[in-house]
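Participant: Need a 3D model of the following:
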Amino acid sequence: MTRRWTTVGEVMTHAVIAVGRDAGYRQILEKLQEWRVSAVPVLAGDGRVIGVVSEADLLLHGDRDPGHAGRLTARELMSAPAVCVHPDSPTALAAREMAHYRLKRLPVIDGDGLLVGIVSRSDLLKVYLREDQELADQVRFEVLALLRPEQAAGVEVSAMEGRISLTGTLPDADLLPVLERMVRAVPGVVDVEANLVSPVRAGAAALR
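Facilitator: Predicted structure coming up:
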């Protein structure tokens with residue numbers, strides 16, 4: 001079985017740049033610039049994520065009171081509570097959270113709230129940059145999950161730049177919508193073209 005790339009833990013970055021809650025404005029700014037990231041998690045002394053400081057947070061306080069902003073710490077600058085995900089969270093959930101809260105990255109925490117990684121938009125895009133052969137293998141697995149082995153053998157799968165082509169025979173035409181939904185749900189699939197025929201239907205007309 002090929003790798004599915006469906007959980008945050010599979011695509012997240014394990015090495016994370018973080019700051020303590022007493023880190024100063026300038027220290028945080030320097031970390032963002034040095035590591036070319038847009039935000040950093042803020043950690044309590046025991047490693048739990050208690051907030052996030054982003055470029056937007058720094059700009060907001062800097063614009064309000066430039067003289068005072070330099071004396072602020074992460075505790076005062078951070079957005080809290082932090083929007084986090086777990087390693088076993090679906091990548092789709094992480095993408096929805098980023099879109100909903102308009103974030104570019106999310107801290108990844110374990111069951112105790114400890115930081116274990118970071119997932120960014122670019123990490124999630126890995127899901128959609130899978131090799132065609134890997135995609136085709138995954139689709140074959142989904143077909144096998146829906147059909148009996150001898151039935152699945154009649155369905156040929158090919159992939160080209162993320163577009164899946166299904167040809168061959170399908171035992172029941174009513175299964176086509178289900179099969180298409182399953183294939184479209186495979187991470188990385190851009191489109192599906194089904195040219196399958198069903199012996200159940202008179203004349204074995206092509207299914208579209």
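Participant: Near residue 150, how many other residues are there?
Facilitator: 8 (other Cβ atoms under 10 Å). Glycine gets a C-beta too; all of them are placed from N, C-alpha and C.
Participant: host element of it?
Facilitator: Counting by DSSP states H and E, the element that carries residue 150 is helix 149-152.
Participant: for that helix, which positions count as buried?
Facilitator: Going by neighbour count (16 or more other Cβ atoms under 10 Å), the buried part of helix 149-152 is 151-152.
Participant: Show me what that helix packs onto, helices and strands only.
Facilitator: Using 3 or more Cβ pairs under 8 Å, 6 or more residues apart in numbering; DSSP states H and E, the elements in contact with helix 149-152 are helix 132-146.
Participant: show me what contacts residue 44?
Facilitator: By Cβ atoms under 8 Å, 6 or more residues apart in numbering, the contact set of residue 44 is 21, 50.
Participant: Ignore what I typed, I meant residue 9.
Facilitator: By Cβ under 8 Å, 6+ apart, the neighbours of residue 9 are 87-88, 108, 117.
Participant: So what touches the helix holding residue 150?
Facilitator: The contact list for helix 149-152, computed with Cβ under 8 Å, 6+ apart, reads 140, 143-144, 146, 170-171.
Participant: same thing with stretch 116-136?
Facilitator: Residues from elsewhere that reach stretch 116-136, judged by Cβ under 8 Å, 6+ apart: 2-3, 5-6, 8-9, 11-14, 16, 41, 85, 87, 91, 94-95, 98, 104-110, 138, 157-162, 164, 186-190.
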